[in-house]
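> prediction below, plus the sequence it came from.
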Amino acid sequence: MKITRRKLAAAALVPAAALAQNQPALPRNPDEELNAARDRAKGLSDALARQSVPMATEPAFQFKP
């Protein structure tokens, strides 16, 4: 398959444009920023809670007193 430089450049710009459109609006004041951070944390927490981890899974660190 042959591809020209122009087609390659156009293909590279499409994902960047799609990412730019999906960015949430920036908060306007500290209260909105705090609420946005809490919403992100809750969403991440919910996503982690949906993952199942077997009991045999060992952590990547050790607790030493």
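Thanks, I have it. Numbering: from 1, shown residues only.
> so which strand or helix has residue 43?
helix 30-50 (DSSP states H and E).
> pLDDT (mean, whole number) over that helix?
Across helix 30-50, the average pLDDT comes to 91.
> same check on stretch 4-12?
Average pLDDT, stretch 4-12: 78.
> what sits up against it?
Residues outside stretch 4-12 that contact it (CB atoms under 8 Å, 6 or more residues apart in numbering) are residue 3. Just so you know, the C-beta spots here come from the backbone N, C-alpha and C atoms, and that holds for glycine as well.
> okay, buried residues for that stretch please.
Across stretch 4-12, burial judged by 16 or more other CB atoms under 10 Å covers no residue at all.
> now do stretch 48-65
Under 16+ other CB under 10 Å, stretch 48-65 has no buried positions.
> how far does it sit from its chain's centre?
22 Å (CA atoms, centre = their mean, to the nearest Å).
> in PDB, list the C-alpha atoms belonging to that stretch.
Taking Å, rounded to 0.1, in the frame of the first residue of the first chain, the C-alpha atoms of stretch 48-65 are listed here in PDB:
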ATOM      1  CA  LEU A  48     -11.500   0.600  39.800                       C
ATOM      2  CA  ALA A  49     -14.300  -0.900  41.900                       C
ATOM      3  CA  ARG A  50     -15.700  -2.700  38.800                       C
ATOM      4  CA  GLN A  51     -12.400  -4.500  38.200                       C
ATOM      5  CA  SER A  52     -12.000  -7.900  39.800                       C
ATOM      6  CA  VAL A  53      -8.600  -8.800  41.200                       C
ATOM      7  CA  PRO A  54      -7.900 -12.400  42.200                       C
ATOM      8  CA  MET A  55      -6.800 -12.900  45.900                       C
ATOM      9  CA  ALA A  56      -3.600 -14.500  44.700                       C
ATOM     10  CA  THR A  57      -2.500 -11.200  43.100                       C
ATOM     11  CA  GLU A  58       0.500  -9.800  45.000                       C
ATOM     12  CA  PRO A  59       1.200  -6.100  45.400                       C
ATOM     13  CA  ALA A  60       4.200  -4.600  43.700                       C
ATOM     14  CA  PHE A  61       5.600  -3.500  47.000                       C
ATOM     15  CA  GLN A  62       6.300  -4.900  50.500                       C
ATOM     16  CA  PHE A  63       5.300  -3.500  53.900                       C
ATOM     17  CA  LYS A  64       8.200  -3.500  56.300                       C
ATOM     18  CA  PRO A  65       8.000  -2.000  59.800                       C
END
